[in-house]
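**Q** Please work out how this folds:
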Amino acid sequence: MPVLWRNEFYFPEYYWIPQMAEAVCKGELAVDVLSDEAWLRQQIFSRVPAETAQEWSTFHIERINKYGDYKFYVYGFPEPRSIPEAKYGAILLNTQTKVFDYYTLEFSYNGKWVLGRMQGMQHINYGELEAQPDVDAFADWIFSNDKTPQAITDCEKGETKNIN
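**A** Numbering: from 1, shown residues only. Presented below is the predicted three-dimensional model:
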């Protein structure tokens, strides 16, 4: 079954937000931008076509927490309509080491939800979320220790390798 990407959703969810987190880690942007909903919405609106701006008006920051040296930001995206659009994205940022992880809860086949993670230009799928796709179940998974990768996609080459 072919995947029909709507780039105006794919790129903000999988490239622009992780790039902003990377810019924060490099000192090019202040850490506060990651929690500035108005600024993030403006950045997204400046990059998406006008016909999809209405859908992006639902973008919101769901949760910002601090855990010791870590800050945790969860972003609520427009309701996914095609694979692999994300319902949520999350940045877990170590404020001391300036290292971050970016996680996604993605729409998948048969109405299922897949947990994912971006590492540079690689996207790792960890399998389906067993619970309903809500922010609490997503956050619980991020902080769990039992993440087993199932597939890795090289986004530059477009190649996917199944692991399990």
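**Q** tell me the contacts of the residue nearest in space to the middle of the chain?
**A** Central residue of the chain (Cα atoms, centre = their mean): Gly89, 2.9 Å from the mean position. Gly89 makes contacts with Glu13, Ile17, Val74, Tyr75, Phe77, Tyr102, Tyr103, Thr104, as judged by Cβ atoms under 8 Å, 6 or more residues apart in numbering. Heads up, the C-betas are built off the backbone N, CA and C, glycines and all.
**Q** Which ones among those residues lie within strands?
**A** Counted as lying in strands by DSSP state E, out of those, are Val74, Tyr75, Tyr102, Tyr103, Thr104.
**Q** How many residues are close by the residue lying closest to the residue nearest to the centre of the chain once chain neighbours are set aside?
**A** Distances taken as Cβ to Cβ, 6 or more residues apart in numbering place Tyr75 nearest to Gly89, at 4.6 Å, with adjacent residues excluded. By other Cβ atoms under 10 Å, the residues close to Tyr75 number 25.
**Q** Same check on the one 4 residues further on?
**A** Under the neighbour criterion other Cβ under 10 Å, Glu79 is assigned a count of 10.
**Q** Over to the one 4 residues further on?
**A** Using other Cβ under 10 Å, Ile83 is surrounded by 16 other residues.
**Q** just Leu93 next, same as before
**A** 21.
**Q** partners of the helix or strand where it lies, with directions?
**A** Leu93 belongs to strand 86-94 when assigned by DSSP states H and E. When sheet partners are counted by DSSP bridges, strand 86-94 sits next to strand 70-76 (antiparallel), strand 99-107 (antiparallel).
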